[in-house]
Structures are given as C-alpha cells and as structure tokens.
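> Build the 3D model from these lines:
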Amino acid sequence: MLQVRHSDSRGKANHGWLDSKHSFSFGHYHDPEHVGFGPLLVINEDKVMGGQGFGTHGHRDMEIISYVLSGALEHKDSMGTGSVLHYGDVQRMSAGTGVRHSEFNGDRTEQVHFLQIWIQPNQIGIPPSYEEKHFTPESKQGKLALIASNDGRNGSVLIHQNAEIYATIMAEGDRLTHELKAGRISYVHLIRGAVTVNGVHLKAGDALKITDEALVTLEQAEDAELLVFDLPRQ
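Numbering: from 1, shown residues only. Below you'll find the model as predicted:
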C-alpha cells in the first residue's frame, strides 16, 4: 500500500522568526490521518531566522534527531553539551528521564534550515544522552547511507528503537533499492529535487508511506536528496 503525503498538505506554523511545516500532527496542528507512522512521530521542516531560536525547553522519553540542511544550528543542553551543527551533521538526543535544551541561529543574516525528527523509543526511563556525526555529500551520493540505527553500525548515530534512517543524494540515472523485511514499513521523505518511489512521483517536501511492500525502489531522480525510514509496524 502506498500513500502520498503532499508537501502543500502539511501543517503550517509561521511565527515570523520560525517558518515550520509539519508532516505529522504537532502542537496546534492536528490531522487524524497523520498522527505518526509506526514509531515515527514528527518530521518538522524548520526555517529559523537569523538571531532567533527555540528557548530552553524540556523533553522526556523521545529520540530527537536533527538533520541540518543549511545554516548553523547552535545546540546547548542540560547534559553540558554544546555544539554548532552545519549541513551534513546529524544530531541525536535521547531525552530519556528528562533533558532540557535550546536551539539557536547565531548568524544574524542567514536562516538555518533543518529537519527535526522525533521517534518513539522502545526503552523508557533511560539516562539522557547525546551524539552527533557528520556525513559528507560523497558518502550519500548514489547510495543509501545509514545515518541512524539501533546498533550504531556503519558510523550511524544510535537510536533506542528498532528503526533505521538512510540518507541519499541522487542524480539522473541513479536507481536504488531497499529491502523491507516482513513486518516492516517505510516512510520516504523528499528534501529537495524530484524522485519516483515505487512508481509514485514525488517533488520537494512530499513523502510516501509504504506498507505491505517488499522493496523500496528509488529512480528517475532530479537533483534529489531524501531520507528513507525503515520502521517496525506498530
């Protein structure tokens, strides 16, 4: 089964300093057709104006992944971690028993553009932890690069859920496949460009929910960057 999530149907929140698009129900936006997908609960595409950001706030029992697309995202948290993330950086914060953090755009002129992803963990009450890794464009070009997994293999960040996230950059002529084992579902989110997934044409910001399929097939790309989630059915 294939279900398209069109970019222009996403929830929208524009606060002036923040322009956000919600793939799933979030905050004041609620859509009963899009309340998570398996353990994947949030994909927010956030654009934060220069000199602005999210003040210190708290989370519990959530795997929070940031995928930076442009600009510089400054992170500080109650674990004592401080970092500035740029394009290619992937950040994982396991909130566990509780963590407080802030995210800020310290550049006064350039906006920061990133995806904020929340995945429900399969363990609760764990100590909070933080990790970040950098993935070059070359590591994703024409291949599915594992950026998050439950065992941290292949240089991926470790998440506390039986889930995998792959990133790829595809050019015209590239064709990629990913096998889905029994009981697994997939969510494909197109960041930029265009691509055809299992015969469905997607444009920037679109996504595809995939259930009861054995294979994810990516082809007919046009300067595409995308994320492929391999998730347990819940």
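> What helix or strand is the residue nearest the centre of the chain located in?
The chain has residue 117 as the residue nearest its centroid, 4.3 Å off, counting by CA atoms, centre = their mean. If you go by DSSP states H and E, residue 117 is part of strand 112-119.
> and the helix or strand just after that strand, which residues are buried?
As assigned by DSSP H and E, the chain's next helix or strand after strand 112-119 is strand 129-134. For strand 129-134, burial by neighbour count (16 or more other CB atoms under 10 Å) applies to 130, 131, 132, 133. Every residue, glycine included, has its C-beta placed from N, CA and C.
> The strand holding residue 117 pairs with which strands, and in what direction?
strand 40-48 (antiparallel), strand 63-70 (antiparallel) (DSSP bridges).
> can you redo those strands as CSV with mean neighbour count, distance to residue 220 and mean pLDDT?
Putting the strands paired with strand 112-119 into CSV (neighbours: other CB atoms under 10 Å; distance: least, CB to CB, whole Å; pLDDT from 0 to 100) gives the following:
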stretch, mean neighbour count, distance to residue 220, mean pLDDT
strand 40-48, 21, 23, 97
strand 63-70, 21, 22, 96
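> I figured residue 232 hits residue 163, correct?
Yes: counting by CB atoms under 8 Å, residue 163 is a contact partner of residue 232 at 6.8 Å.
> any shared contact partners between those two?
The contact sets of residue 232 and residue 163 overlap at 38, 39 (CB atoms under 8 Å, 6 or more residues apart in numbering).
> out of those two, which sits in the busier spot?
residue 163 (22 against 14; other CB atoms under 10 Å).
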